[in-house]
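Q: Give me a 3D structure for the following:
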Amino acid sequence: MSSYRKSSKGLLSFKLKTIPLIILSTFSQYGQAEESSAKNNAATSLAQSSVHDDASEIGSVNVVRPMVLPSSAAKYDKSGSILLSAKDGDDNKVGTSAGAKEYARSLAKDKGKNDLPIGIQLQDIQVRAKRLYEIGPLRGLALTKEEIPGNVQSISAKEIKESHALSISDLMNSKLQSVNVNDYQSNPFQMDVTYRGFTASPQLGTAQGLSVFLDGVRVNEPFGDVVNWDMLPLNALAGLDVFPGSNPIFGLGTLGGALSMRTKSGFDAKEGTIEALGGSFNRKQIQGSVGGNNGVIAGFVAANIFNEDGWRDNSPSKVNQLFAKGEWRNEKLQLGLSALYAGNELTGNGLLPTEIAQQDRSSVFTSPDVTKNRLLQFQLTGLWDVTDTFNITGQIYKRKSRRNSSTGDMNGDFGGAVTRRPNPGEQIAPGYADIDRDGLPDSTGRVANVAISQGGYTLDANGNPEQISGGFQQIGVDQDGNPIIDEVFINNPAFDASNLAIGTNFNTAVSANQGTQDIYDNDGNFVKTVPLWGYGQLLDGTFATSSLNNPTLPDTFKQAALTVWQNRSAIRTLQNLQSSLGLLDATNENGLSTFFAVEGLESGEFDAGFVNDNGFFVALNHKAIIVPVGADGNYILGTADSNVGLGKPLLILVRDPVTGVPLERNGVDFNGTSRAQVGKGTGYACDENGQNCTPTALITKTEIEQVTDGGAIQFNWNLEKHKFMIGASIDSSDASYNSAQYLGLLDNNRNAVLAPDRLGYEYAAASNPLGLNNFGGNSITKSLYFSETWTPTKEWSFTGAGRYNQTFVKNELAINSILGVAGPNKFLNFYNLGVLCNDNNNDGTVTADECPAGEILPFTVERANGLGAIGKGETEKFSYYSFNPSLGATWQPHETLNLYANWNKGARTPSVIELGCALDDTPVPATTNADGTPASYRPRSLMERRFCSLPSTLAGDPYLKQVRSETMELGARGYLTPELQWNATVYNTDLTDDIYFVSFTPDRSFFQNIGNTRRRGFETGIQGKVGKASFRLNYSLTDATFQSGFLTASPNNSSAGTLVQGDSLVASLTPTGYQQISVKPGDKIPGIPLHNLNASFNYEVTPDWNVGFTAILHSSAFVRGNENNKHRAGPASPIVGACSTIVTDENGLQTGSNCASSLARPAFRYGGKTAGYAVFNLNTSYKLTKGLTAGLQISNLFNREYQSAGRLGLNPFSPSINGLVGANGFNYNSNDWRSSTFLAPGAPRAAYFTLTYDFDLGK
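A: All right, here's what the predicted structure looks like:
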C-alpha cells in the first residue's frame, strides 16, 4: 500500500555517534524504504499532498519524502533516496524509524532514549527533504520542484494558520511573488487577485485569466468565470501551490497561471484545532478543525464562522463555511467523499471619490452593495495502485451555487418635469359627457358634402363664398418699423349659411364657383380633375351647418374608436392602432378618411370622422364639459418628457409661480427665459412635506444560479526515468440569470432605500421592478491531456504536455433593450388624457360635478406597444476547439543550483456573460436613400440597441474568438546555504484576441476582442533561517500593456473626445469619438503596479514566544477609465459642436476647431493613478500551555492611508454652482458634478486577538 509520511522539519539533523550504527540503521530500513518509495512514487498520494520545502514547513500533510543521504552513505553505493517511515516528533528528534530506534535502544540497553552506546560524536549532517508537487488538478503524478520547469510557489498549512489571514486573496498578497490585490469592493472576501498581470476576481465583467482549483475541482464559476473567495475555507487547506504560465494541464482559462489548493485529510494526523478571534470593527471569528483515522477509515471536518461590522460605514459581513471529508483505504485503493457548504452575506460598498475620501475614509459613496452567496459541493475521489509504478485516479463532482445581489447606486440619469399629487377634491383631467354610456364621449356631427371655392371658402346654393377679399391693408410692422401690407378677407354679407351648396356625388360639382383639384397616380401621371368639398372647414369649425347630436356610428368604426379611446394616453401606441384599425385609410379621391384622433384631449376638444353609407364624410367634434385650469391659467395636466413607448404623457406639473414655466428635476434641463439661463436651474429635491421627490438612487437586484458537474480520470506511470500521465475530463454547467431595477432615494447617509410613497407618482420603477434580462444557458467541455517528464540523467529533466479541448455553449438571452437605452427614469405612470362623465343622477343631462377627478394609469408594456418588456429569448450556439502544448527543461549543474526554461500555450473560451454582452459588428442599414436602398450601415448591436451596462445588463449574440496565450519563462533557483534558498525568473506572456469590456458611449458597452495584450516581468525571492530568525523577501516587476489600439468610452478622462454627436440614434452611433479615449499599443493596463514587494521576518524570542513582521509594498498603478494613460489633473477642455474644422485620428477619435457652440466644464482635480504604498503588519504569539496559544495581530501597524485601486467617475455630491444641494450632499444640477478619481481606500490600523487550542486525539 502507498502511504505518505511526514516530518516536521525541512532540515533534519542526525547526530551520529558511530559510523557503524548509521550504516546499520540505514541498511536495516533500506529494503523496506526502497519498496515503499517505489509505491509512493507510483501513487504520489493516497492522502492529500501539499507541503513545502522551505525550512519553516515540511510535513503538514502526508507526502513522499525522498531524502538526500549523508555523503558517508554514498560510500556504500546506496540509493540517494529513502522514505522516512517515522514522523519526527518530540520523542524522536533524530527522525529515524521506529524499528531503528528500538534497535538503538536494544544496543544502548539502559543508556537512555536515543543514546547510542559509543561515545563518539561526529559533525551534524543535514538532510534536505525534496517535496513532491502534484502536477495537474488530480493526484497520481508528482514531481520535485527541481523537475518542474517553472517558478512554482507554495504556501503551507502551517503558514496559513500562523498568518491568520481572512481570505486566500489576502494571504497570497503577503506571501507570493508577482501578486497584488485590488480591493474595488472594500471587502476582504471580494478582492481582485492579480498574478503576473492576470486576474481572478469575484466581480462580473472582469476579464479572468487564472484558474483556481480545490481538490481538482475548478471553482471558477461558469457565469463570468468569477472566483468567489468567500466560498473557500482556509482552515481546511493543507496548502496551496501557484503554477505559473499557460500550463495546459490545468485546462481552459489558464492564461497566466493556476492556483491549486488541497484540503486536509484525516489520514494526516489525529489532531484538531479550535481558534477564537476578536478585535477591531467588532470582528468575531470562531473556526475549528479536527481529523483522525483508525488506519482504514479517516475523517476530517473544518468549520469557520465569521462576523464583523466592517471598518467602513454600513459594511457588515457574515461568513459561514463548513467542510467535511470521509475516506477509506486498503492496500491498493483509496476512496474519499467530501462536502463543502458556504452561506455568506457580504457588504462591499466600493470606491470613494477622492473628495470624500479626504474627509472621511470610512464613509461610503452609496450603499448598500450586498451579495449573498450560497454553495453546496460534493466530490467523490478515488486512487487505485494497480502496480508499484502505475496508478489510476479519478473524481466526479457536483457543484451548485447561487448569488443574490442588491446594489444601491446613485441615479445618474435623473431628470424630467417636477410633479405633484392632486389636492383633495381637485379636478385633474378634462371631463367628457357620455350620456348614452357607450364608452365614447358624446359628439356632434356634420356631413362633409358642402361645396367650397378655389380659395377654400364654403359656398351657398347661389355660389356665394363665405368670405370675400377686403382689399390690402396694413397688418403690422417689421423689425425696422416698416408697415407690412397683405390682403385680408372679410365675411361675405351675401353668404347664406342656411342654404349651402350641398352635393350628392363627389364627382359632380354643384356650383359654378366651386373649386377643383387635379388627381395624379403614384407615378405622377394626371388622372382627372374633381370638385372640392368642405372637409377641413368642418373639422376646424369655421362655419355652422346643421349638427347631429351623437350621430349613429357604423359598427366597425365604433369598435375601432373604442379601442383607440381606451388607449388614448399611449400616444405612440395610437399611431400603430389607428393604422391597424383602418382609421387612417383614405376612402375616395378627395382624401376623405376615417379617423379618431385624440390629440387635443387635454385642452378639452378633439375631432374624429367617418364615411357614411352614402359615401360622404361625417365630421365629429367632441367637447369637454369641464377643463381644469390652475390659478396661473395653465392646464393642470401638462406634457412631460418622453415616456418609453408612450410619447409625452400628461402629468400634474409644478410651475414657477412667477414665470409659469414648468420646473425641472435636473437643473441642467432648465431653459429659463433667456439663452444665458439655459442649464443653470437649481433642480428639485422634494416638496415642503418631503413628498413628490426626485429619485436619486438606482437599486439593481440580480440572481444567478449555477450548477456544475463533471468527472475526470487519469492514468499515471511513475517510472525511474519517466513520469507520464494521460487523462480525460468532462465538465458541464447550467446557469440562469435575471435582473431588475428600482428607483429609490439616497438618505442622509447615502443609503439607497425604496420609497414609493415619497417619490413622484409618475415613476413606475418606484414600486415595480423593471426587468433587465433573463438568461439561461449551458456549456460542456471535453478534454484529453497528457504530460511526460523524462529524466535521462540526474541533472536533466525534459517535460512535454498538451491538452485538447472541445467546448460547446448554448445560451438563451431575453433582453430589455429599451430599458438599457432609456433607463428606468423614462418609464412613467401617467394621467389619462380625459375621463368620461355619466348621468349619475339620471336627470337627462351630464354636469361637471358628475365627472371623476382623474385616474392614474400605471406603466405597462401593453400600453407601450410592447416596449420595455423583456423580449423573446434568442438562442445562441457556439463551438470552440483548441490544442495547447507545453515544452520545458530543467538542468541541475550543481546540487545547490537548478535552471529551467519553459514554453507553453493556453486558451480561454469566452464566458457566458462575455458572449451575452459581445458586440455584433455585422453591418446593417442605418439610413436609406429616397429609393429605399441603404445609404449607410452601422453594427447590428448598435442599431438594435443591444448593449451591456454591467453588472445589470446582458445583450447581443455574436461570436467572440477564443483568447490565446503564449508564455516563455526562464529561471533559476537554488540554495546559498542549507538554510537559505533563492529564485529568479523572467517571463513573457502574449495574448491574442484578448477580450475587454469596451464602451462605445457611456451607456452602450460591449465585450469585444480588442487584439493583443502582453504581460512580462521579472520575479525573485530569497528566504531562509538564521539562528532563531527566519525571513522571506519577494520582489516582482510586472509590465502589463495593451498591444493593439482601440476606442472606448471614458467620459471622465481629461483626454476624451469633446466633439458632440447628434441626438438621433443613427447620429449618436456615428463614431466621432465623443467622450471616448484612444488606447494605443504600449499603454499600461489599469490596476497592475509595475513594482511589487513583500517581506516577512519572524523571531523566536523564546521557545514559547514568537514575533513577526510583514511588509507589503506596491508602486503606483493606473486607474480604470485611464486605459490610455493620459488623464491629467487640470483645466477641462470645453464640449464643442458645430465645428467648421474636424480632424480624425487613426482610431476614429475626432477633434474640432472653429466651433459655433462651446460648453465649459469644471476642471479635473485629480490624476489618473493610485499612489504607491507600503503597509506593515505585526504578528506575535505566546504558547501559554502545551496546546494553548495566545496571539496578537496588528494590521497596518503605522496606520498608513493608502488605496489599492481606483477608477475615473463623476461625483454627484459636489458643491453648488447652480444646483440645489440636498442634506446628503446630492447636487440636483448634474452640470455641477465634478469628475473625480474614485479610490479603494485601504483599511486603517486594526488589532485582533486570538486564542488557539491545539489538541491530539491520541491513539
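Q: For the closest residue in space to residue 763 that isn't next to it in sequence, name its beta-bridge partners.
A: With sequence-adjacent residues excluded and distances taken as C-beta to C-beta, 6 or more residues apart in numbering, residue 763 is closest to residue 743, at 5.2 Å. C-beta coordinates here come from the backbone N, C-alpha and C atoms, glycine included. Beta-bridge partners for residue 743, by DSSP bridges, are residue 698.
Q: Could you check how far residue 743 is from residue 825?
A: Counting by C-beta to C-beta, to the nearest Å, the separation of residue 743 from residue 825 is 7 Å.
Q: Please apply the same query to residue 1188.
A: Counting by C-beta to C-beta, the gap from residue 1188 to residue 825 is 60 Å.
Q: Neighbour count for the two, which is higher?
A: Each of residue 1188 and residue 825 had its neighbours counted (other C-beta atoms under 10 Å), and the higher figure belongs to residue 825 (24 against 13).
Q: Surely that one is within a strand?
A: No - with DSSP: H, G, I helix; E, B strand; the rest coil as the criterion, residue 825 is located in helix rather than a strand.
Q: From residue 1220, how far out is it?
A: Relative to residue 1220, and taking C-beta to C-beta, residue 825 is found at 18 Å.
Q: what does residue 1089 give?
A: Distance from residue 1089 to residue 1220, counting by C-beta to C-beta: 41 Å.
Q: Have a look at these two and say which one is more surrounded.
A: For the pair residue 1089 and residue 1220, the greater number of neighbours falls to residue 1089 (25 against 17), based on other C-beta under 10 Å.
Q: Name the helix or strand for that one, please.
A: Assignment of secondary structure by DSSP states H and E places residue 1089 within no helix or strand.
Q: Use 57 as the first number for this chain going forward.
A: Shifting the count to begin at 57 puts that one at residue 1145.
Q: show me what contacts it?
A: 236, 1094, 1170, 1171, 1172, 1173, 1228 (C-beta atoms under 8 Å, 6 or more residues apart in numbering).
Q: and those residues, which are buried?
A: With neighbours counted by 16 or more other C-beta atoms under 10 Å, the contacts of residue 1145 contain buried members at 236, 1094, 1170, 1171, 1173.
Q: how about the closest residue in space to the second one that isn't next to it in sequence, secondary structure?
A: With C-beta to C-beta, 6+ apart as the measure, residue 1073 is the residue that lies nearest to residue 1094, at 4.4 Å, once sequence neighbours are left out. Using three-state DSSP, the three-state assignment for residue 1073 comes out as strand.
Q: Please look at residue 369 and residue 421 and confirm they touch.
A: No - counting by C-beta atoms under 8 Å, residue 369 does not reach residue 421; the two are 10.4 Å apart.
Q: Now the common contact residues for these two.
A: Common neighbours of residue 369 and residue 421, using C-beta under 8 Å, 6+ apart, are residue 405.
Q: out of these two, which sits in the more crowded spot?
A: Higher neighbour count among residue 369 and residue 421: residue 421, with 22 against 16, using other C-beta under 10 Å.
Q: for the more buried one, what are its contacts?
A: With contact taken as C-beta under 8 Å, 6+ apart, residue 421 is in contact with 405, 406, 407, 408, 409, 412, 466, 806, 1269, 1294.
Q: Between those, which sits nearest residue 1258?
A: Among these, residue 408 lies closest to residue 1258 (C-beta to C-beta), at 12.9 Å.
Q: which residues does the closest one contact?
A: Per C-beta under 8 Å, 6+ apart, neighbours of residue 408: 417, 419, 420, 421, 1294, 1295, 1296, 1297.
Q: Okay, buried residues for the helix or strand harbouring residue 440 please.
A: When secondary structure is defined by DSSP H and E, residue 440 falls within strand 425-441. If you call a residue buried by 16+ other C-beta under 10 Å, then strand 425-441 has these buried ones: 425-427, 429-431, 433, 435, 437-441.
Q: Farthest pair within those residues?
A: Farthest apart among the buried residues of strand 425-441 by C-beta to C-beta are 425 and 441. That separation is 50.5 Å.
Q: follow-up on the earlier one: which one of the contacts of residue 1145 is nearest to residue 686?
A: residue 1173 (57.7 Å).
Q: Surely that closest one is in contact with residue 1225?
A: Yes - in terms of C-beta under 8 Å, residue 1173 counts as a neighbour of residue 1225; the distance is 6.4 Å.
Q: which residues touch residue 497?
A: 488, 489, 490, 621, 678, 890, 892.
Q: one more time with 10 Å, if that's ok
A: Each residue near residue 497 by C-beta atoms under 10 Å, 6 or more residues apart in numbering is listed here: 486-491, 606, 617, 621, 654, 657, 662, 664, 676, 678-681, 890-893.
Q: Apart from its chain neighbours, what residue comes closest to it?
A: If you skip the residues right next to it in sequence, residue 497 has residue 488 as its closest partner in space, 3.6 Å away by C-beta to C-beta, 6+ apart.
Q: Residue 1016 too?
A: Using C-beta to C-beta, 6+ apart and skipping residues adjacent in sequence, the residue nearest residue 1016 is residue 966, 4.1 Å away.
Q: pLDDT at residue 662, what is it?
A: Residue-level confidence at residue 662 comes out at 85, pLDDT.
Q: and if you look at residue 536?
A: Per-residue confidence for residue 536 comes out at a pLDDT of 79.
Q: what are the phi and psi values for the residue nearest to residue 1016?
A: phi -60, psi 140 (degrees, to the nearest 10).
Q: Give the burial count for the residue nearest to residue 497, as a bare number.
A: Neighbour count of residue 488, defined by other C-beta under 10 Å: 26.
Q: Run the chain-centre distance for the strand or helix carrying it.
A: Mapping residue 488 onto the secondary structure by DSSP H and E places it in strand 487-489. Taking C-alpha atoms, centre = their mean, to the nearest Å, one finds strand 487-489 lying 52 Å from the centre of the chain it belongs to.
Q: Who does the helix or strand following that strand pair with, and is each partner parallel or antiparallel?
A: Following strand 487-489 in sequence order, the next helix or strand is strand 500-503 (DSSP H and E). Using DSSP bridges, the neighbouring strands of strand 500-503 in the sheet come out as strand 604-605 (antiparallel), strand 673-679 (antiparallel).
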